[in-house]
Structure formats: C-alpha cells, structure tokens
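Colleague: could you work out the structure for the sequence below:
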Amino acid sequence: MSTIILHDKKSNNWSSLGFGPLSDAINPLVQRERNGIYDLSFKYPVNAPLFKELKVGRWVVADAGPTIQAQSQRFEIAQITKPINGIVTVYCEHYRYQLLRSIVKLGPVFKNVPAQTALNQLQDRMEPKGDFTFFSDISTTSSIDFTDPAKFANAQEVLGGVRRSVLDNFGGEYVFNNNQVRLMAQAGKETSIVIAYGKNLTDISQEESIENAYTSVYGWAKVGNGDDEKIITLPETYIDSSYVNSYTQRRIQMVDFSEKEPRDVESLRNLVDRYIKDNKVGIPKVNIKTSFVDLASSVIEDDISTIESIDLCDWVTVAFNELEINTSAQIVKTVWNVTLDTYESVELGEARTDFSKVLVDSQPDTASIIKKVDWLEQAQKEASDIINNPGKGHVVIYPSLADPQEWLIMDTTDINTARKVWRWNIGGLGFSSTGYNGTYGLAMTNNGAIVADRMTTGTLRAINIMGVAITGSSILSTNSNTDIFLNDGQLHFIDKKNGRTAAIIDTYANGDNSIMRIGAGKNGNTYKGQFNFASYFSNLDVDSYDNNYDSIVGVESGVGTNRNGYAYVGNNRKRDSDFSGLEVIGENVILQGKSLQLIATSDITVFKDIDMNGNRIVNQFDIRLKENISQSEVDGISETKKLEFYEFNRRQNYKYSDENRQPPKTRELGLIAQYSPFLLLESSKDHYLGIDVNKQIMLNSLTNKQLIEKIEQLEKQLNCSKKNKRKYHRGGIR
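Modeller: Numbers count the residues shown, from 1 in each chain. As a prediction, the model looks like this:
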C-alpha cells in the first residue's frame, strides 16, 4: 500500500516526508494518456490532520504506475473544492505542466536536425528553464522554427499539441519522469501478454467495431470514355480476406477503383488483393475501455504473473478467440489507484491522444483575440507562406509508372523512411506526419468525409454542428418573432417587430465578485421592462424597476394581473451577492407571502439575532409523525449534573474572514461541545462541533419533571412524618 506525501511550494528534498503523508486521502487516482494528460485527484476530510496544510501551489508526491519511471511523481495542487459533507476534492497537475508557464525566446530555423537537437534548442530558449532535461532516440531529421513568436505560446506547445511542434515534425511518444522529458520512437515495450477478448471481458464499442468489420471486398471500376466506357468487375464478384471463415456470415465492402484505371480484370483483381492487405480487411480494430480487474481476468493463464508490470504505451496481443484472430493493441490510457497500488482502468486501442487536451486551459481568450486579429487573414497568410516555401519534397508515383496506383509527395524518396507524406489514391487525399502507414490527421476520403485538426474558413454552412466546444464572436438564432443574439459576452433577446432588445443576460464585476445579471430590455442607457413567464393559470414576472421604486429587483407571482404575493430582494440600490450558494444581502430584505418554505440539504447558517416579533417557533410533535415510541430511560438529573458551564468570548476572524460573518463580541455563558458529549452534535458541512439545542431544551424539561417528582415525593414523606408526629403526641407520650 502506497501513500501520497505533501511538500511545501519551494521544496527540493523530495525524498523527505515534507509535511507528512496524506494517509486520510480518499481514492487517490492518477490519470495518464499517451502524449496526453497527466494528473492526480483525491478527496480529503476537513477534520483530517493535514487539511489546513493543503494549499494551492504545494506539491504532493505519488506513484503513477508500477514501473520505475512512474514512481514518486511530483504533482502540484491546482484546485481545492469547497467542502461537501466535510470532504474536499483536490486536483493536481504533473510536474511537467510547469512547461505551460515557460516562454520560448525568438531564434532561427533549425533545418534537417535530429529530434535531440530540436529539444536542446528548446531547453536553450525557454525561460524560466527550471531543472528540466530532454532526451530523444529518434534519428530521423526534420526542422523546428523559432522565428515567429505566434507559433508557440509556451514550452509545452514546442513539445506538442500544435502544428510544426516537435511531436508534429518528428513523431514519437513522450515519457515524463518528473523533470525528465524523453521523446522515444517507441515509449512502450512489446509484451508477450495475450488478452483473450470475450473471456470475462466485453465492451460495447469493441462489439460495434467487430460488428462493422468487413470480410470481403467487391471491387469495380469504370474505364474508358463516351461510347467506349465500360464497367469492369471480377467474374468471382468479390474476393474474401483470409479471415472470412471467422465470421458467421460474409460482410462485403464495395470499393470503386475507377481512379486507379485498371486495364483489365487481372489488374482489378491485383488492386483488390492489395486493398485487402493494406487495410487489414477482416481484422477488427481494437478499442477497449475496461477496468483492470476485468482485463486481468481475461489474460491467458501463463501471462497472469506479468500483467501487473504493464504500463502506458506498452503493446499487448488481443485474441478474438471466437473469430480465431489475433492483433496487437497499445495501452493508450491508464488510471492508477495510488492507495491500492493497482490500475483502476486501462484503455487499449489506437493512439489518438495528444497535447491539445493539455493545452486547452492555457489558451488565451478567443473573444479578445478576434477583436485584435483578423484571424482569417492570418490563416491565409500562414497557408501562403507554407505553400510558397514548402521545403524540398519528392513526387513519387507508386508503386511504379507501369502500375500507377497513387501519387505521393514525401520528404524522402522511400516510403519506409519518409515521415511527412501527402498520399492521393482511390481512397482519398490525406497528409501524415508519421510516415506512409501513419495516422492521416488531415484527409478527404471517398465516403464523403473530411478529417482535420484545425480548419479556418470565412463562411461555413452546415445543417448540424456537433462538437465539444464552439468558440466565436457572435452566434445568431432566429425565428419569425425573435432574434437570439450572443455577442461580446451578452445574450440578447430581440423583438423583431420593433427591433428593441427585450432582455439581456450577462455578467458584471462587483469588487472581487463576478455576478450574473438577467436584465430586462435596454431602452437607451436604462434597463426597463419586464420578463413574463406565463402558463394558462398563473404567471411569474421578474421586473426591473426605475428609481421611483425602493427595490431594484422584484419577483411577483399570482394569477393573471391579480398579484397574491410578492418578494423583493435588496433595496436602496444595495446589491451584494456571494454565489457559493444562494445568499441575499441587503439593508431591508423582505420575503412576504402566505407561506414560506426553506428547503436545504445542509444546515441553515445565521450571522445575526433572529427577532420573532413576539411570534412562536413551532416544531412537529404530532404522534402521527413519529414511530418506535418508548418511555425515555435518560436520567435527566444525572445528565444535567454532568454539564459544566463556562464564560467565554467568541473568536473573531477565525472561522470566517468576512466582517459581516463575525460572531458577537459580548461575554457569554454557555457550554463547550467537547465537554458535553450527551448534547454534542457533529456538523455535516465542516469539522466544528456544536450543541443540539433542541435536545438541551428537552433535557431541561425532563430534568425539571424528575425534580418535581422528587419534590412531590419528599413533600409526601414530610407530610406523613408530620401526621405520625401528631398521633404520637395525642397518645400521651411525651
């Protein structure tokens, strides 16, 4: 069992215990992706010993995997959430994220250099340099350009995530070991581990991949022109891959080879055979996301002892036993449980991740860029520079002039050594920065698809846009009555009949707070008007009043125009809100109605006296609302005698720094929770102890009742004693 160690911001003795181990950390998980994210998250109780030492900017050391290069990794605390039920969540970033905070100075273009030279130049130009070291075993050459400050916003972008980065130009896989950055031709190892898919392991996406796999190819081609045009097909109609018998039924893919201009049936047959080989027809693509327990239970028995040592980027064999097909797959994502020293989950499949995920949070605000830069013109200029200054390339007709099947434009003449490849064949047009058989990140394919990592266009017309994030200066949605216009950080609802803005949603700054505002329509420089949310039977109006009203914001509800209730929030233009929850602050806040219900899942906190104006506080004691009823066996007198009363002052600026949330300064008489176990109450939202006042009132009543019973018993005994004494005297005995 491992633990995580907390260190100070300026710590450099990473082998020490620092502030100590965070033994109370709950479910610490390290998430890693191939050439992607690297972070740690865990939960921590607010009443644990080191809670007060958890601060943004401090470091924790934790293992990220089973191998040496993944052990004792350093993570910086980036965010600590507010407590929920006495527990906070802590998010941490790997040491290499420091590269996001390092700039890169201008310099020359380094052409035809190995990856190690490019990394050395990065180390020389980055500021601050920190203690980072760089290494690469990639021997192929490419270039790195430091002449334009717009190319790389930070040192991380030089490594990867943007065009013409080291990763983009040289390929490879990164290994991060704290301050050590290694770019390897192959970061993982080829293992002998065989995962038997279907043996305690199933995955919906993988099942879909198998279901969509083809077994055979029906090739055809249209040749000739005009009256001489004809269609060539194979006399056997289709050609099976060697895996066709693995499937319950044949799955035939139709492929058009017209652009390759086959001369006859035999040349068409050769094209189909090559297509089956190049595209691995019949072999399902591996795409498995699973828990490590399920993965381990699916390993062939002889490999069980070695599966614990696999790590990110390693290669395993996936056996589809029902299909009698084996293929290789890379580990592209892992989630490591630090406490249990084991993987939570593992993802096998194609390497799709890159630094673009890591760089998202470091990107500048797009809206401000749009205001300052004509990005379309800049993109056109960039494209023109690239096309006009392409560098040396080689045009190859492949495989030969006698049998031309595709056009290649490469950085070398050999498809086995080329890294940058433009490839144009019957399948489409695409560019790869990882070689002839590499991933084609930019492509137009014969099924009508266009794939690109970055697109710049003046006008884009689309029926449907699906994506993770859409950023722009303005978005317009329109119908016959209303235009909804998102522009400059404001959402405008415009009445098309008169052209006036009916409503605006935006934010504004109030001191250190950022506040969301829903305002009525703007008339000149003044917000006036009314929101109305109506149904058939009632309506809710949110009104914005002018200066003739005491209240800035009013909320009215009722039926039609006959208002039965109202509520005003704030007055005299006093507006102050803390949106950690819902908080209303004003000189005279009025909530008025026939009834008012406060429903909360945690305590209701009050910072001033509650004045009931002579009214009562009522609690529910109806027997119909209770069960498991029995006579109390609590000895009220005994419990009351245990209570110790103290005089004290409440600490100022301790629990809260806000001056409006300070306790009274008067001298008080009361109890101490730690010394009153019978009345002790643990808070559900923080680690401070309290007194159950309701229970104390009941204890006082019980004690009074028991004391009354004792007094009555003593009075009865005293009366009996007096009677006996009178009888004794009347008997003549003196």
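Colleague: just give me the neighbour total for the spatially closest residue to residue 170 that is not a sequence neighbour.
Modeller: Counting by Cβ to Cβ, 6 or more residues apart in numbering, residue 170 lies nearest to residue 115, which is 4.3 Å off, once chain neighbours are set aside. (C-beta placed from N, C-alpha, C; glycine too.) Number of residues near residue 115 (other Cβ atoms under 10 Å) recorded here: 26.
Colleague: how about residue 115, what does it touch?
Modeller: By Cβ atoms under 8 Å, 6 or more residues apart in numbering, the contact set of residue 115 is 136, 138, 140, 142, 166, 170, 172, 183.
Colleague: outline the domain layout of this protein.
Modeller: Domain ranges of the chain: 190-349, 364-451, 474-592, 622-734, per automatic domain parsing.
Colleague: quick check: phi and psi at residue 167.
Modeller: For residue 167, the backbone dihedrals are phi -70, psi -40 (criterion: degrees, to the nearest 10).
Colleague: tell me how far it lies from residue 332.
Modeller: Separation of residue 167 from residue 332 (Cβ to Cβ, to the nearest Å): 15 Å.
Colleague: cool, and residue 139?
Modeller: Applying Cβ to Cβ to residue 139 and residue 332 gives a distance of 25 Å.
Colleague: and residue 720, by the same measure?
Modeller: Counting by Cβ to Cβ, the gap from residue 720 to residue 332 is 92 Å.
Colleague: again with residue 287
Modeller: Taken as Cβ to Cβ, the span from residue 287 to residue 332 is 10 Å.
Colleague: and the two? Which one has more around it.
Modeller: residue 332 (23 against 20).
Colleague: all helices for the stretch 551-700 of the chain, in order.
Modeller: Here the stretch 551-700 of the chain has its helices, by DSSP state H, counting those that start in this stretch, at 636-642, 693-730.
Colleague: most packed of the ones you listed?
Modeller: Stretch with highest mean neighbour count among the helices of the stretch 551-700 of the chain: helix 636-642 (a mean of 14; mean count of other Cβ atoms under 10 Å).
Colleague: packing partners of it?
Modeller: helix 693-730 (3 or more Cβ pairs under 8 Å, 6 or more residues apart in numbering; DSSP states H and E).
Colleague: residue 694 - nearest residue in space that isn't next to it in sequence?
Modeller: Nearest non-adjacent residue to residue 694 (Cβ to Cβ, 6+ apart): residue 619, at 7.3 Å.
Colleague: now swap in residue 452 and tell me
Modeller: residue 442 (5.3 Å).
Colleague: kindly report the same for residue 97.
Modeller: residue 76 (6.9 Å).
Colleague: and what of residue 300?
Modeller: Counting by Cβ to Cβ, 6+ apart, the residue nearest residue 300 is residue 194, at 4.4 Å.
Colleague: I'd say that neighbour and residue 316 touch.
Modeller: Yes. Judged on Cβ atoms under 8 Å, residue 194 makes contact with residue 316 at a distance of 7.2 Å.
Colleague: about what we covered before: how many other residues sit next to the residue nearest to residue 694?
Modeller: 6.
Colleague: just for the stretch 151-300 of the chain, where's the confidence low?
Modeller: Applying pLDDT under 70 to the stretch 151-300 of the chain flags residues 200, 204-205, 208.
Colleague: and the strands in it?
Modeller: For the stretch 151-300 of the chain, applying DSSP state E, counting those that start in this stretch gives strands covering 173-177, 180-184, 190-197, 216-223, 230-233, 239-240, 252-256, 287-291.
Colleague: for the top strand by length along the chain, C-alpha coordinates in PDB please.
Modeller: Using DSSP state E to define each element, the chain has its longest strand at strand 325-337. Only the C-alpha atoms of strand 325-337 are listed here, as PDB (Å, rounded to 0.1, in the frame of the first residue of the first chain):
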ATOM      1  CA  ILE A 325      -8.000 -13.700 -35.000                       C
ATOM      2  CA  ASN A 326      -5.100 -12.100 -33.100                       C
ATOM      3  CA  THR A 327      -4.000  -8.500 -33.400                       C
ATOM      4  CA  SER A 328      -1.800  -6.100 -31.400                       C
ATOM      5  CA  ALA A 329      -3.000  -3.100 -29.400                       C
ATOM      6  CA  GLN A 330      -1.300  -0.300 -27.400                       C
ATOM      7  CA  ILE A 331      -2.200   0.800 -23.900                       C
ATOM      8  CA  VAL A 332      -3.200   4.400 -24.600                       C
ATOM      9  CA  LYS A 333      -4.700   5.400 -21.200                       C
ATOM     10  CA  THR A 334      -4.400   4.300 -17.600                       C
ATOM     11  CA  VAL A 335      -6.000   5.200 -14.300                       C
ATOM     12  CA  TRP A 336      -3.800   4.200 -11.300                       C
ATOM     13  CA  ASN A 337      -5.100   3.800  -7.700                       C
END
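Colleague: can you tell me which helices and strands it packs against?
Modeller: Looks like strand 325-337 contacts strand 26-33, strand 315-320, strand 342-349 (3+ Cβ pairs under 8 Å, 6+ apart).
Colleague: now with 10 Å, please.
Modeller: Secondary-structure packing of strand 325-337 (3 or more Cβ pairs under 10 Å, 6 or more residues apart in numbering; DSSP states H and E): strand 26-33, strand 190-197, strand 287-291, helix 292-296, strand 315-320, strand 342-349.
Colleague: residue 461: which of those is closest?
Modeller: Nearest to residue 461 among those is strand 287-291 (32.3 Å), distances taken as Cβ to Cβ.
Colleague: parallel or antiparallel, list what pairs with that closest one.
Modeller: strand 342-349 (antiparallel) (DSSP bridges).
Colleague: buried sites along the strand it pairs with?
Modeller: 343-349 (16 or more other Cβ atoms under 10 Å).
Colleague: tell me the two of those residues that are most distant?
Modeller: Taking Cβ to Cβ, no two of those sit farther apart than 344 and 349, at 17.4 Å.
Colleague: what's in contact with stretch 258-265?
Modeller: 219-224, 231-236, 267-272, 274-275, 403-406, 424-428, 446 (Cβ atoms under 10 Å, 6 or more residues apart in numbering).
Colleague: and those, which of them are buried?
Modeller: Buried subset of the contacts of stretch 258-265 (neighbour count, 16+ other Cβ under 10 Å): 219-221, 223, 232, 234, 267-269, 271-272, 275, 405-406, 425-428.
Colleague: need the strands for the stretch 301-450 of the chain, in chain order.
Modeller: Going by DSSP E, counting those that start in this stretch, the stretch 301-450 of the chain shows strands at 315-320, 325-337, 342-349, 394-399, 404-410, 421-425, 428-432, 440-445, 450-451.
Colleague: quick one: closest of those strands to residue 699.
Modeller: Judging the strands of the stretch 301-450 of the chain by Cβ to Cβ, what sits closest to residue 699 is strand 325-337, at 46.4 Å.
Colleague: mind listing what that closest one pairs with, with the direction of each?
Modeller: Taking DSSP bridges as the criterion, strand 325-337 pairs within the sheet with strand 26-33 (antiparallel), strand 315-320 (antiparallel), strand 342-349 (antiparallel).
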